[in-house]
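Chemist: Got a sequence here, can you build the structure:
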Amino acid sequence: MEEDRNLSASEALIMKAIWEAGGVIAFLELMELLRTKYGKDYSRTSVSTFLLRMADKGYVESQRKGKNAYIRALKSRDEYAYQQLYHDMEMWYAGKATNIVAALVKRNDITKEDVEEIRRMLDELDD
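Modeler: Residues are numbered from 1 along each chain as shown. Got it, this is the predicted structure:
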């Protein structure tokens, strides 16, 4: 099992739906959530294939209870988000968090509230 393999865009969307459901969701509920909230009308076989790949990558596991299959997240949303952020930082920002912040500042993607929150977090590091 390869735990740190990247997810495709469809797999990441499925993981997002699973996390939003609290980390465990019935297969049919997952399909309905994907259809209603995300406009993805995947076939059952497509979702099953995505889930098999995601299980091989170490992100989910499936359990059957009677006629129902339940999908459980094995990685938290925060773990995945950090993994993606770290990968992007290494790939695009020379491994430096300051380069990410500089890119956000340059594009005016940081609000005054963001700056205050960042300052507060940095001040807490000094304590």
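Chemist: Point out where this protein drops to low pLDDT.
Modeler: Low-confidence segments of the chain (pLDDT under 70): 1-4.
Chemist: Which residue ranges make up each domain of it?
Modeler: Structural domains assigned to the chain are 9-73, 77-126, following automatic domain parsing.
Chemist: would you list the ones you listed in a markdown table and tack on mean neighbour count?
Modeler: All C-beta spots, glycine's among them, are computed from the backbone N, C-alpha and C. Converted to a markdown table, those look like this (neighbours: other C-beta atoms under 10 Å):
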| stretch | mean neighbour count |
| --- | --- |
| domain 9-73 | 15 |
| domain 77-126 | 11 |
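Chemist: all strands for the chain, in order.
Modeler: Using DSSP state E, the strands of the chain run over residues 24-26, 60-65, 68-73.
Chemist: pretty sure R77 contacts W19?
Modeler: Yes - counting by C-beta atoms under 8 Å, R77 touches W19, with 4.4 Å between them.
Chemist: hmm, back to that, let me have the strands of the chain in JSON lines, adding distance to E90 as columns.
Modeler: JSON lines is the format used below for the strands of the chain (distance: least, C-beta to C-beta, whole Å):
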{"stretch": "strand 24-26", "distance to E90": "32"}
{"stretch": "strand 60-65", "distance to E90": "25"}
{"stretch": "strand 68-73", "distance to E90": "25"}
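Chemist: Out of those strands, which gets nearest to L104?
Modeler: strand 68-73 (28.4 Å; C-beta to C-beta).
Chemist: ok and the closest one relative to strand 60-65, angle-wise?
Modeler: If you take axes from the mean of the first three to the mean of the last three C-alpha atoms, to 10 degrees, strand 68-73 sits at 150 degrees to strand 60-65.
Chemist: Setting aside sequence neighbours, what's the nearest residue to A17?
Modeler: Distances taken as C-beta to C-beta, 6 or more residues apart in numbering place L33 nearest to A17, at 4.8 Å, with adjacent residues excluded.
Chemist: er, A97 actually
Modeler: Nearest to A97 is M89, by C-beta to C-beta, 6+ apart, at 6.5 Å.
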